[in-house]
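J.: No sequence on hand, only this structure:
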Ligand SMILES: Cc1ncc(C[n+]2csc(CCOP(=O)(O)OP(=O)(O)O)c2C)c(N)n1
Ligand SMILES: Cc1ncc(C[n+]2csc(CCOP(=O)(O)OP(=O)(O)O)c2C)c(N)n1
Ligand code: SF4
Ligand code: SF4
Ligand SMILES: [Mg+2]
Ligand SMILES: [Mg+2]
């Protein structure tokens, strides 16, 4: 192989405003590590970022098969980034299966960096190619830019003298790939090394070796005539401040911790593992030393019931699950609603119905959240729109719950739970105080006496002179004694509803975040579609289409001005990752021209899909 | 006391078209027995009838207290009777507590037959009257007709020589009351005696004694100047045929038995007791000898899961519960929806949320039935309108479920579950055959291949050559293999929805049952409000108000012509025993002027309440 | 913290009488129901626990027995069917200073609540479980329960129960319970003492209380309470004492190897003598087996009582030791960067 | 009846080989997972049951192990988490002629499914339960399970598990199980034989299978499989044989009264000799206790096996004996009247 130095060749340098790359390989290939390091590097380079890991289905499949492919997608740019991108500019494919299952996400003319060894006949067979197939030849024929690199060989050469087995040496190939990509996008090597040290420690063999591997990858790019271009992605115009990367589940956990501390109450999590919600348990379980109590219960019912018990005891009780687990909590949610105690129920939604698609994303539990209980059982429902919003909205859920002494459901989903973005995180002193509506004076305490917001005072065991008994039977207004009185039942049903409706006074109005306040078309999303919608709107504006955007974070009750907002537009496009659940609710409540855009594929929207619909409506009108 | 014979006095005879009487006393006073015998007697007399028992809250309270009052209301008439009546003409009150808790249901100028001993100072105290209260005096002052009868004394006199204790003799007072009421309404004594024999046997002391007690009551009316009127209620113009009395829960059980037999499949009930659904289990448990399998499981989840197992094995799996139990079944319902197997889920609704009002009625689980599951999980939902319709609709639920191989939810409620009416019951040969869509040919069986109605063929264990594995994960179209494919998921979500929507071709259109086909006002009800609405409509028509009536028995999917029907009326009044759940769904689906009438008091509508609303709308428009 | 500030307003432990624990609610069980006896016994035990009223909490499920919390003037929750165990666990481990009682029925605890019961037993938080076993579903008016004897005719079993009944002491021992006892509504002193002992035990104390439902299952326990019959049908367990029973106190149960045998008192000797030792798991298991062993008297008393670390101790709930700056650190995480 | 008419088309019992039970689905456990061994063993056992393929049904819950049904060419349902027991009960009692297997994990069966498991044990329908105990949640990637040992560090227990683990044989025996056994993925003959014996048992047969999860809990059972260590750490139960173990087969477990003791083989005598008797409930309970008894070897084999009437026999499911006229009578009820 002929080697040249960079000086000798004419290497074009091209400036890009945003790039999507995806590391894909076998579950054991360390793609998440490379991806994460590249993300941090890009963050330090000042780019805006969104990432999404793409794990294989639950069980580890045999090495080399399509079922075992693990990916990490990152989009970084000099402009604001709202989503990890519809399609990739660069695919780093460690084996044939990785290429096979991800080729359709690559842009026309996109670059494929193929790890040579991963495309040998054994790997082709494992990936399910016929014995005479030549996938790499085919992709070239299709016009993709193919860069074949023997990453394993570089790794082996780099670690040749370290006295470790070939297999272990080859494990370094993900770092070589990282180095190569860092070279392509001119990420400063010193920062990459610093990050590597943070991750693998400063001492120990692998700390050094990994740096050597990255350097080898970089050199490989530098010295080899693999590419005729190199790219520059300048810093994005981000707000100044200190940032960190955050995934939704982590943000959710942190939001709860912050809320607990701000309320002066202990945070208690009752949970039972379930994909994609388990990480919230894992995260909170770490902070016992700070006073966070987490309890893994025997099932979801026990989990919510333990949280109810904790709340009853004057703590901030929280339970976290996903669709099937939330289904099991239905009866106990009714109890919490009837008791009127604080409780935060987080549903990190996944594909349904039933066990469905555990590792895939969906927004199809909105109906369950709104309506899925026996009797008249209204509950506050809110939903974050992005990973970092999981922090804010978890905090908000706890705040509403404690201050209004009533359960709150928070709807996240697999997409924002695992997706990550930079976050200009707040300091605790910047966060509002939470004032749980605890009973204050002993004299004449009545458990179901309410204030002007229909909120009852919350007395907890240990408070002297306020002993009382409550339960799931209908309660007499004010006293809380069991009551079968017909009029009292009507009254209590109404009061519980009014209490939830009254929340409208405590939540922000809906804002038009993009576009005009009035017009032909409003795109109204909720939850995790925020990024894709924002990208689509931005693209639409670039294309000269007049369209506005608003995003619902409060689903029950709706913001006070929603009706006004809806009335300000001729058409309302409601994109949802379900068959039209929010649209159904809107239609019932408001007289607006609702146009649905639905996708139930276990995948987030592509911005393109939304843009197409916007364009279609724009043409049509 | 001065005695005269009937001949000596001028006793007016008054013809009435409909009468409401209520037997009320302590739980131990035998009110249900008197009520039931009077009902049967009136049935034999050719009247149309509706009855409603009014049990005390769950636990037997101390004798004589308001909490322990048990009542039995019957309305009988020479015209068609649709509901047990808003208010009573006659109250037979065995004690002070009975009067206290039922006085508000008595019509102005209504008759109170008061059992003297039940109003002694002890009973007044137990009923919560102050020591100087004179409730009987008060009711007279208010214009009610008070008839004081020492029923216990008559009973004791009648049984004086039988060698039983005074306490036992006094137990006969309910039969004395029955005899007296029979005299008032001229029920033929021979029929009453025959019915008494049916109930207590022809032999044995009490068989004879009861007849003597009834005779004594009759004689008491005959010989005493208690009343100046006696009443005639002529036979109603009922369709000719053989009738029986039927309560909703019994009808539900019988409908399932009939459906099982008609389908050739074994009926399997998996249930866990819960008020007001338990009677369905009790009823079905009796018929083991006919081939009905009933299984009392350890909880509601096991109950539905056992039913799923039974269905999976080729039986007609059924589960029955009420709100809180249905909540627990949520996850498993999702499984049945995903598996696409037959399953009938009956919810005998009660007051909610949570444990709520277990013995009271409500229609507030419609949302739960329609939307209460994770993911896109549509399910057929149907609801009977009266006790006897519980038979038809249970049969229909089973038929739709078996023929379309999909779960069906049936919504009954406490009111029709316990209420009873005459029923011209069908013979088995008159019922349609049910054709479960069982797999027929072995070759190339594909578990999720569908016919033109989107219905899959159902192969069950034991069928050779059709072995297959199914589960709650998303399934590949046709093969049923696990599939994570995005497009397949969308396809399957759509197919499951279309299958349910397609049911519209197999259900009857909505009929205007009363009034014109077009007009200003349609009253559209669902479920147990049928009787009260029909009464109100009939009354409205009598009052010259133009209003039409239609009743939804199919809630998902709606009948094909619902939109057309709605469009034929200026206003649609939707009375519901909830806060407006059907109204909400209608508003979302149709552009109609929906007016809600809601009552959440644990009690059925009074016809009057609906009539008032009709009148109000009529004036307003 | 807000809760604390209110909590510290509270008074010091008081000396209570049974009457102090009467609530303002009418007791609504059927006249003659065995539940009354248990309520009375508990109201007598509570003053002896040394706990302040406001630090005592009764959590129940659903059932006749589960109405219990309404009738004691402490904190209380009448929750949902079968879930009292889980609710009490969440409460106790976050507020270990509270005295937490669980009230449950045989259906509530062994049918729908079975899973939570066995998990409670293995975890061993310091709570007291009073299981009102009437071998029937009272509140729903008479269906068979998981403890109903085979063949029992009820509304739900018109052909007789075919399910083998659970043996509550055996089940809880198998699940790892650390304190297992049985008593009966009609022996008021025994009832009182057993509940008192349970309340003192540090760990989950499980007390099965035979409770007569005079409406739907009247007389199921008659052979243990009937003056004539009872002495031959019951055996009272007393620590360190022999297992002697019979009207004449002339029969004893001994161990032949690992097998229990009924002998006349005179046949007891050093090698076969069985002295009751509640710390002995195997003996407790054997006693539990008597429940359904033909010819053996039914044991009442403490079968097993052996302390081990409680779940609330191990769980180590504490307040926010952290000040805001520590939370700030957690929120910041390990890797941050600055944008100017 | 329709089902019957299709069912009677079926062929007579065939002679199968293990291969006949291979389904068309790729097996998707991690390479090295202990689940493979169990699958192989079951596929070898099935031909020996004499059942037709179409009469065999595998019902599982959710978990790695619960993927099992996809891999055998019989009928099967991969149901929902913890509910296989209930589903299998409904199936078996209505179709008693079927051969019903339940596949479950330690989380599936002892955590979320605990209640259904204990009720299955007490009811005793003739089904076979294979519990894949890897002392971890595999499918959800490594949380502690109810059988995880105390102190285990997992994602959900970063400070170590504080819950006392369940002892599966003890729990099931306490719940009234009639057949309880334990085996392990790595002893293929023992695994095969135990499953075969379970399949032959008429009643609920509960088999705990120690199964290595080489991803999230690798090596938990190493001391029982390690060549060097195992002989001192395990004891193989064989009917009628003494409880002998140790590398030199020189140690025995004997009964001193009701207490098990480890002695050297030479110390065994007539009075203390312990011959394994799976019909002896008390001995089975003692064996179950070895699980967490310091210094005692872990028993493998059939702890307990005692027939009693099965639930499906008692349930007596039958078809519609009735013809329409009988149903007509039921519909008419006791009291009818005529209107002309
Ligand atoms: C989820 C749910 N299922 C069923 C019921 C109905 N229910 C109430 S109490 C009860 C059983 C009562 O039996 P037990 O626990 O033995 O208590 P007892 O009344 O005998 O004291 C049942 C099935 C309910 N309230 N909630
Ligand atoms: C209702 C519900 N809760 C939780 C889950 C998530 N979940 C799937 S498998 C599993 C536990 C798996 O552990 P185990 O039963 O031991 O099986 P293994 O994977 O170890 O074989 C859990 C919690 C689920 N699928 N459904
Ligand atoms: S039904 Fe039975 S358990 Fe319930 S209160 Fe009455 S006697 Fe007691
Ligand atoms: S995670 Fe563990 S139990 Fe699951 S397949 Fe992999 S090795 Fe087996
Ligand atoms: Mg009970
Ligand atoms: Mg496991």
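T.: In hand now; what should we look at? What you see is a predicted model, and the numbers here were worked out from it, not measured in a lab. Numbering: from 1, shown residues only, chains lettered A, B, ... in the order given. Ligands and ions are numbered 1, 2, ... in the order given.
J.: ranges for the strands of the stretch 251-400 of chain A?
T.: Assigned by DSSP state E, counting those that start in this stretch, the stretch 251-400 of chain A shows strands spanning A:267-271, A:293-296, A:316-321, A:343-349, A:380-382.
J.: Let me know the pLDDT of residue A:2.
T.: With respect to pLDDT, residue A:2 has a value of 43.
J.: quick one: whichever residue of the stretch 51-200 of chain C sits closest to ligand 5 and residue A:237, what's the gap?
T.: Ligand 5 sits closest to residue C:105 of the stretch 51-200 of chain C, with a gap of 3.8 Å, by CB to the ion. For every residue, glycine as well, the C-beta is placed using N, CA and C. Counting by CB to CB, to the nearest Å, the gap between residue C:105 and residue A:237 amounts to 66 Å.
J.: Quick check on the two: which one has the bigger neighbour count.
T.: Higher neighbour count among residue C:105 and residue A:237: residue C:105, with 33 against 12, using other CB atoms under 10 Å in any protein chain shown.
J.: so which of the strands of the stretch 251-400 of chain A gets nearest chain D?
T.: Closest to chain D of the strands of the stretch 251-400 of chain A is strand A:293-296 (CB to the nearest CB; 4.8 Å).
J.: Could you check what's spatially nearest to the most centrally placed residue in chain A, not counting adjacent residues?
T.: Residue closest to the average C-alpha location in chain A (CA atoms, centre = their mean): residue A:416, at 1.2 Å. Excluding the flanking residues, the one nearest residue A:416 by CB to CB, 6 or more residues apart in numbering or on different chains is residue A:248, at 3.8 Å.
J.: wouldn't the one you found be in contact with residue A:418 here?
T.: Yes. Between residue A:248 and residue A:418 there is a contact under CB atoms under 8 Å: 7.0 Å.
J.: quick one: which of the two has more around it?
T.: residue A:248 (31 against 23).
J.: Name the nearest residue to the residue in chain C positioned nearest to chain D, ignoring sequence neighbours.
T.: Nearest to chain D, among the residues of chain C, is residue C:174, at 1.8 Å (CB to the nearest CB). Leaving aside its sequence neighbours, residue C:174 sits nearest to residue D:174 (CB to CB, 6+ apart; 1.8 Å).
J.: Also residue A:260?
T.: Spatial nearest neighbour of residue A:260, excluding adjacent residues (CB to CB, 6+ apart): residue A:267 at 3.1 Å.
J.: Who are the contact partners of residue A:318?
T.: Applying CB atoms under 8 Å, 6 or more residues apart in numbering or on different chains to residue A:318 gives the contacts A:256, A:267-270, A:307, A:343-346, A:398.
J.: try it again with 10 Å
T.: The contact partners of residue A:318, taken as CB atoms under 10 Å, 6 or more residues apart in numbering or on different chains, are A:252-253, A:256, A:259-260, A:267-271, A:280, A:284, A:293-294, A:303-304, A:307, A:310-311, A:342-346, A:394, A:397-398, A:401, A:408, A:410.
J.: Looks to me like residue A:214 is in a strand.
T.: No. Using DSSP: H, G, I helix; E, B strand; the rest coil, the assignment for residue A:214 is helix, not a strand.
J.: distance of it from ligand 6?
T.: 38 Å (CB to the ion, to the nearest Å).
J.: What distance do you get for that residue to residue A:32?
T.: 16 Å.
J.: So these two - more neighbours on which side?
T.: residue A:214 (30 against 18).
J.: In this structure that one contacts residue A:199, no?
T.: No. Assessed by CB atoms under 10 Å, residue A:214 is found out of contact with residue A:199, at 11.6 Å.
J.: Now do the shared contacts for those two.
T.: Residues touching both residue A:214 and residue A:199 (CB under 10 Å, 6+ apart): residue A:37.
J.: Tell me how many other residues crowd the residue nearest to residue A:406 when sequence neighbours are not counted.
T.: Distances taken as CB to CB, 6+ apart put residue A:340 closest to residue A:406, at 5.7 Å, once the chain neighbours are dropped. For residue A:340, the tally of surrounding residues (other CB under 10 Å) stands at 25.
J.: Can you verify my assumption that residue A:340 contacts residue A:470?
T.: Yes. At 8.4 Å, residue A:340 counts as touching residue A:470 under the criterion of CB under 10 Å.
J.: where does the stretch 1-150 of chain C have low pLDDT?
T.: Within the stretch 1-150 of chain C, the stretches with pLDDT under 70 are C:1-13.
J.: Tell me the backbone dihedrals of the residue nearest to residue A:406, please.
T.: Per-residue torsions, residue A:340: phi 60, psi 70 (degrees, to the nearest 10).
J.: didn't residue A:504 look like it was pressed against residue A:510?
T.: No. With contact defined as CB under 10 Å, residue A:504 does not count as touching residue A:510 (11.2 Å).
J.: In terms of packing, which of these two has more residues around it?
T.: Higher neighbour count among residue A:504 and residue A:510: residue A:510, with 21 against 16, using other CB under 10 Å.
J.: OK, contacts around that one?
T.: With CB under 10 Å, 6+ apart, residue A:510 has these contacts: A:524, A:550-554, A:558-566.
J.: tally of neighbours for the residue nearest to residue A:260?
T.: 28.
J.: Beta-bridge partners for it, please?
T.: residue A:316 (DSSP bridges).
J.: quick one: contacts for it?
T.: Neighbour list for residue A:267: A:253, A:256-261, A:284, A:287, A:290-294, A:310, A:315-318, A:344, A:398, C:94, C:320 [criterion: CB under 10 Å, 6+ apart].
J.: Tell me how many other residues surround residue C:227.
T.: Neighbourhood size, residue C:227 [other CB under 10 Å]: 6.
J.: go on, residue A:592?
T.: Neighbours around residue A:592, by other CB under 10 Å: 21.
J.: for it, helix, strand, or coil?
T.: Residue A:592 ends up coil, using three-state DSSP.
J.: The one 4 residues further on too?
T.: Local secondary structure at residue A:596 is given as strand here, using three-state DSSP.
J.: Count the residues that sit near it.
T.: Residue A:596 has 19 nearby residues by other CB under 10 Å.
J.: I'd guessed it sits against residue A:617; true?
T.: No. Counting by CB under 10 Å, residue A:596 stays clear of residue A:617, with 11.4 Å between them.
J.: Find the residues that touch each one of those two.
T.: Common neighbours of residue A:596 and residue A:617 are listed as residue A:573 (criterion: CB under 10 Å, 6+ apart).
J.: And the residue nearest to residue A:260, how far from residue A:460?
T.: For residue A:267, the distance to residue A:460 equals 15 Å [CB to CB].
J.: Please apply the same query to residue A:514.
T.: Counting by CB to CB, the gap from residue A:514 to residue A:460 is 45 Å.
J.: Neighbour count: the two, which is higher?
T.: Between residue A:514 and residue A:460, residue A:460 has the larger neighbour count (other CB under 10 Å), namely 26 against 17.
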